[in-house]
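S.K.: Pasted the sequence and its predicted model underneath.
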Amino acid sequence: MFRHDRRTRSVHRRGATTVEVALVFPIFISILLMSLEAARLNTLRNTIENAVYEGARRGIVPGAAATDVQATASSIMQAVGAKNIVITTTPSTITDATDKVTVTIDVPLSANSWIGRITSQHMIRSCTLSRERTK
């Protein structure tokens, strides 16, 4: 009868452990990086939604101008380091006769992705609020 002791078994398993690590490690790192990217995009999405809302709120008060709206939205987007954003205010000139203010923010994902380069996709959010009247 052939006997195996612990030392003999560990010698036979040494290569198996290396192979298991070599197979599992890249998968683990990929999952980790995808999780980080998903968290970044979720943060970006929530910040865009907050920026369009706050920008629209700034635009509905009496005496507001489109530059005020864009400055408010831009400062919120700068908090997360968003790049190449396009902020659009409709109407472009806010007057006393303006009924509603719409703020739209377009963020290209290719410039704002940490890990992967997403080529032609954009996150676009919009918010429309009715203006306050002083009458």
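M.R.: It's in. These numbers were taken from a predicted model, which means no experiment stands behind them.

S.K.: Give me the local confidence score for the residue nearest the centre of the chain.
M.R.: Against the mean C-alpha coordinate of the chain, by CA atoms, centre = their mean, the closest residue is Leu44 at 2.2 Å. With respect to pLDDT, Leu44 scores 93.

S.K.: Would you check that it makes contact with Val80?
M.R.: Yes. Applying CB atoms under 8 Å, one finds Leu44 in contact with Val80, separated by 6.2 Å. Glycine gets a C-beta too; all of them are placed from N, C-alpha and C.

S.K.: What's the first helix or strand after the longest helix seen in the chain?
M.R.: Longest helix in the chain, counting residues (DSSP state H): helix 6-60. Per DSSP states H and E, helix 6-60 leads on to helix 66-78 as the next helix or strand towards the C-terminus.

S.K.: Please name every helix or strand in contact with that next one.
M.R.: helix 6-60, strand 86-90, strand 100-108 (3 or more CB pairs under 8 Å, 6 or more residues apart in numbering; DSSP states H and E).

S.K.: can you redo the ones you listed as a markdown table with distance to Trp114?
M.R.: Shown next, in a markdown table, are the helices and strands packed on helix 66-78 (distance: least, CB to CB, whole Å):
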| stretch | distance to Trp114 |
| --- | --- |
| helix 6-60 | 5 |
| strand 86-90 | 21 |
| strand 100-108 | 14 |
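
S.K.: Count the residues that sit near the nearest residue to Arg133 once chain neighbours are set aside.
M.R.: Excluding the flanking residues, the one nearest Arg133 by CB to CB, 6 or more residues apart in numbering is Pro62, at 7.7 Å. Using other CB atoms under 10 Å, Pro62 has 11 other residues around it.

S.K.: now swap in the one 3 residues further on and tell me
M.R.: Per other CB under 10 Å, the neighbour tally for Ala65 reads 14.

S.K.: Repeat that for the one 10 residues further on.
M.R.: Neighbour count for Ser75, taken as other CB under 10 Å: 12.
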